[in-house]
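K.L.:
using only what follows, build the 3D model:
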Amino acid sequence: MNFSDFTTPQGKRVNKEAFIHLVQISRTDKKMSKEELDLLHKEGRKFGLTDPEIDELMHTHRSHHYTPPYSLDDKFAHLYQVAQMILADEVIMESERKMIRKFAIEAGFSDKTIEKLVELLFTGIKNDESEEDLLKEFRKKHLFKD
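P.N.:
As a prediction, this is how the structure comes out:
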């Protein structure tokens, strides 16, 4: 496959790297649970990928340098997806916490904000809150308070 971006049915462009990082998150604890595999396929289909294309990406991309999105909305969306992947098996490993923190640091979030952001994401996703609602809450509580 030769593509660099995916476009969701809603017209949202998602970089191929974002999907590959979801694959990496699913492998952080050295095993991929059925829930993680199901979520990868669900997310991949949102990007218009077929199941064989998703399987190929999962098997061919073992590691990948992280290039964070530019806008806050896109950074937040990517971290939301990462948090969803971490929570797919309902177990948060310390290695998974380290990885989401690493992505947040590389995306440019401040040290003071990262822990609050990660907890906001984990708690919100567990409570079935939407990405949009969590982003609004993040902006309201944390954006310019560092």
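K.L.:
so residue 92 sits in a strand?
P.N.:
No: counting by DSSP: H, G, I helix; E, B strand; the rest coil, residue 92 is not found in a strand; it is coil.
K.L.:
with adjacent residues omitted, what lies nearest to it?
P.N.:
Distance criterion CB to CB, 6 or more residues apart in numbering; nearest residue to residue 92, sequence neighbours excluded, is residue 86 at 5.9 Å. (C-beta placed from N, C-alpha, C; glycine too.)
K.L.:
could you report the neighbour count for that neighbour?
P.N.:
The tally of other residues near residue 86 (other CB atoms under 10 Å) stands at 27.
K.L.:
same question for residue 112.
P.N.:
Using other CB under 10 Å, the number of residues around residue 112 comes to 11.
K.L.:
ditto for residue 127
P.N.:
Around residue 127 there are 9 residues (other CB under 10 Å).
K.L.:
follow-up on the earlier one: for the residue nearest to residue 92, give me phi and psi.
P.N.:
phi -60, psi -40 (degrees, to the nearest 10).
K.L.:
quick one, what contacts it?
P.N.:
25, 28, 92, 96-97, 100, 122 (CB atoms under 8 Å, 6 or more residues apart in numbering).
K.L.:
low-confidence ranges in this structure?
P.N.:
For the chain, the stretches with pLDDT under 70 are 1-17, 28-30, 47, 60-68, 143-146.
K.L.:
one step back: could you measure from the residue nearest to residue 92 over to residue 121?
P.N.:
9 Å (CB to CB, to the nearest Å).
K.L.:
one step back: now intersect the contacts of residue 86 with the helices, please.
P.N.:
25, 96-97, 100, 122 (DSSP state H).
K.L.:
what ranges do the strands span in this protein?
P.N.:
Per DSSP state E, the chain carries strands over the ranges 5-7, 13-15.
K.L.:
circling back: between residue 86 and residue 121, which contacts overlap?
P.N.:
residue 100.
K.L.:
skip the chain neighbours and tell me the closest residue to residue 80.
P.N.:
Excluding the flanking residues, the one nearest residue 80 by CB to CB, 6+ apart is residue 131, at 4.6 Å.
K.L.:
burial measure for the one you found, as a count.
P.N.:
If you count neighbours by other CB under 10 Å, residue 131 ends up with 18.
K.L.:
which one of the contacts of residue 86 is nearest residue 69?
P.N.:
residue 100 (14.8 Å; CB to CB).
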